[in-house]
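>>> Requesting a structural model of the entry that follows:
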Amino acid sequence: MTNDGRFEAIVQSEGLNCQAVIAVNEDHLRFEGPGKILIVPYSNIDLFYINNYRMYIETDNIGQITLSKMGRDMDSMYEQLWNGYNDRTLKAFFVSGTPMFETEGEYRYSEDGGEARGRAKIKLYEDCLCILPPDAGARRIPLCFMREPVMTDFTISMALDTDEHYEVIRLGSSTRRLFELINENIRAVLDKAAATALEMDGSLSSEQVTSIARLMPEGAAASAFALGGISQAYLEALEVNIARSRAASAYEYFKEICSPRELFIGIKSGLSRNEEGRAVWVAAAKDGGGQGAAAVELALGEESAAATYLYRFSGDRDSFFKRLNHAMEAISFRREVVSMPYEELARPENDLYAMAVKRTGALRFLRSCFAGRAIHRTKESWRRAVDEVFQ
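From the prediction side, this is the model:
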């Protein structure tokens, strides 16, 4: 290791083959050899590992990079790279703050993107659990969509409402404490949703509040039909909130063309939009014959671009909406990543979005369903665009 904390190694790669000095930076690795520099962003790194006294870094643009002749510094660089890579991944997951609990152990998961297992650093935050292996298979698991977790002697098993399944395994003495904290955080997430419901309608019974909190956790949308079935007064309170927002005209039109089962409403606190400090989003979704379409309106304030996002999907309406909810929660309502073309996603300034897409199945799904935007230029042109997606 050099005096300034950089590393030295023999580097073999498509872009550099020589003795080089290596810096582990915030968002990239920098390799500096005689008269040549190679920059490798973390967004391009798929995997890194040590085998037989060599470190291998697999990338998606220049192939494999091999480091050798590092001696004891190899383990130190591996740990620095893993920590830096994880920090960048957490930014791509829009996770901030200090973890409430962290440990290291094995993991296993099964989801739409396939199956994976290995060793990872595991970090618990207020609203999510993050599995952070030394590769692009990191996952952010949202607690608001998690069913009750199960613990055995060596394993914590977690399933989401979309039937994705995750396990953390062999955490030693950390297992029980992590399990307890996950359950505490799930209760806190539900309590927050319950408090929001009571703020909207103080007449709700405890049973109604619990039902609404489970159906409509923070930020998630639920069908107007289901919400009205729990409390018609609560649905009316939601509609009062919508009427004060920029989603008002869209919602009124959605009510004209859809039944209550085809209408969805969500409330997101902390984005500071209407006078109550909440963002409102509403949607219309129709299905039939194995195909469906949806129009989603998010009222984010006067500074936000006024557009309704349009989608076409296969399968049933409710399954689509579960994954829509997961995607919106995962990106914290940053809609631009949904519509961003792949050529823009590949630009250096969008590397966090690229990492998020690679690691978030619900986001990849929503991008695959994206069918354009209906711009609010005039009422007539907007309605034509919405009608077109439902034809």
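>>> what comes up buried for stretch 5-22?
Across stretch 5-22, burial judged by 16 or more other Cβ atoms under 10 Å covers Arg6, Phe7, Glu8, Ala9, Val11, Ser13, Gly15, Leu16, Ala20, Val21, Ile22. All C-beta spots, glycine's among them, are computed from the backbone N, C-alpha and C.
>>> List the contacts of it.
1-2, 23-24, 29-34, 36, 38, 55, 62-70, 73-74, 76-77 (Cβ atoms under 8 Å, 6 or more residues apart in numbering).
>>> Now list the buried members of those.
23-24, 29, 31-33, 38, 55, 65, 67, 70, 73-74, 77.
>>> Return the subset of those residues lying in helices.
Counted as lying in helices by DSSP state H, out of the buried ones among the contacts of stretch 5-22, are Asp73, Met74, Met77.
>>> is it possible to export those to a markdown table including pLDDT and distance to Cys258?
Below are these laid out as a markdown table (pLDDT from 0 to 100; distance: Cβ to Cβ, whole Å):
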| residue | pLDDT | distance to Cys258 |
| --- | --- | --- |
| Asp73 | 95 | 62 |
| Met74 | 97 | 60 |
| Met77 | 97 | 56 |
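>>> Now do the helix or strand hosting Asn185: distance to the chain's middle.
Element membership for Asn185 (DSSP states H and E) is helix 174-200. How far helix 174-200 lies from its chain's middle: 19 Å, per Cα atoms, centre = their mean, to the nearest Å.
>>> Which strands and helices lie in contact with it?
Helix 174-200 sits against strand 101-111, strand 114-124, strand 150-151, strand 155-159, helix 206-215, helix 232-243, strand 263-269, with contacts defined as 3 or more Cβ pairs under 8 Å, 6 or more residues apart in numbering; DSSP states H and E.
>>> Of those, which is nearest Asp46?
strand 114-124 (12.5 Å; Cβ to Cβ).
>>> Give me the neighbour count for Ala224.
23 (other Cβ atoms under 10 Å).
>>> which ones are touching it?
Leu235, Pro260, Arg261, Leu263, Phe264, Ile265 are the contacts of Ala224 under Cβ under 8 Å, 6+ apart.
>>> how far away is the closest residue to it other than its chain neighbours from Asn17?
Among residues not flanking Ala224 along the chain, Leu263 sits closest, at 4.0 Å (Cβ to Cβ, 6 or more residues apart in numbering). Leu263 sits 61 Å away from Asn17, going by Cβ to Cβ, to the nearest Å.
>>> And for Tyr85?
Going from Tyr85 to Asn17 by Cβ to Cβ gives 24 Å.
>>> Glu111 too?
For Glu111 relative to Asn17 (Cβ to Cβ), the value is 39 Å.
>>> coming back round to it: and the contacts of Ala224, which are buried?
Neighbour-count burial (16+ other Cβ under 10 Å) is assigned, among the contacts of Ala224, to Leu235, Leu263, Phe264, Ile265.
>>> Gly228 is in contact with the last one, correct?
Same thing as Ile265. No - counting by Cβ atoms under 8 Å, Ile265 stays clear of Gly228, with 10.2 Å between them.
>>> anything in contact with each of these two?
Leu235.
>>> end-to-end on stretch 254-265?
11 Å (Cα to Cα, to the nearest Å).
>>> Using the record's assignment, carve the chain into domains.
7-92, 101-185, 202-390 (automatic domain parsing).
>>> Centre of the chain to the first one, how far?
Read that as domain 7-92. Worked out by Cα atoms, centre = their mean, domain 7-92 lies 27 Å from the chain centre.
>>> pretty sure Asn86 belongs to a helix, no?
Yes - assigned with DSSP: H, G, I helix; E, B strand; the rest coil, Asn86 falls within a helix.
>>> residues touching it, list them.
Contacts for Asn86 (Cβ under 8 Å, 6+ apart) come out as Lys121, Leu132, Ala138.
>>> Next: Arg383.
For Arg383, the contact set (Cβ under 8 Å, 6+ apart) comprises Tyr253.
>>> Mind doing that once more with 6 Å?
For Arg383, the contact set (Cβ atoms under 6 Å, 6 or more residues apart in numbering) is empty.
>>> For stretch 176-191, which residues meet the burial criterion?
So stretch 176-191, judged by 16+ other Cβ under 10 Å, has buried residues Leu178, Phe179, Ile182, Asn185, Ile186, Val189, Leu190.
>>> For these, name the two members farthest from one another.
Leu178 and Leu190 (19.0 Å).
>>> Using TSV, lay out the contacts of Asn86 together with pLDDT, distance to Arg317 and neighbour count.
Output for the contacts of Asn86, formatted as TSV (pLDDT from 0 to 100; distance: Cβ to Cβ, whole Å; neighbours: other Cβ atoms under 10 Å):
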residue	pLDDT	distance to Arg317	neighbour count
Lys121	98	38	19
Leu132	98	34	24
Ala138	97	30	24
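>>> gap between Leu298 and Ala285?
For Leu298, the distance to Ala285 - Cβ to Cβ - is 15 Å.
>>> whoops, Asn350 was the one
Taking Cβ to Cβ, one finds Asn350 at 28 Å from Ala285.
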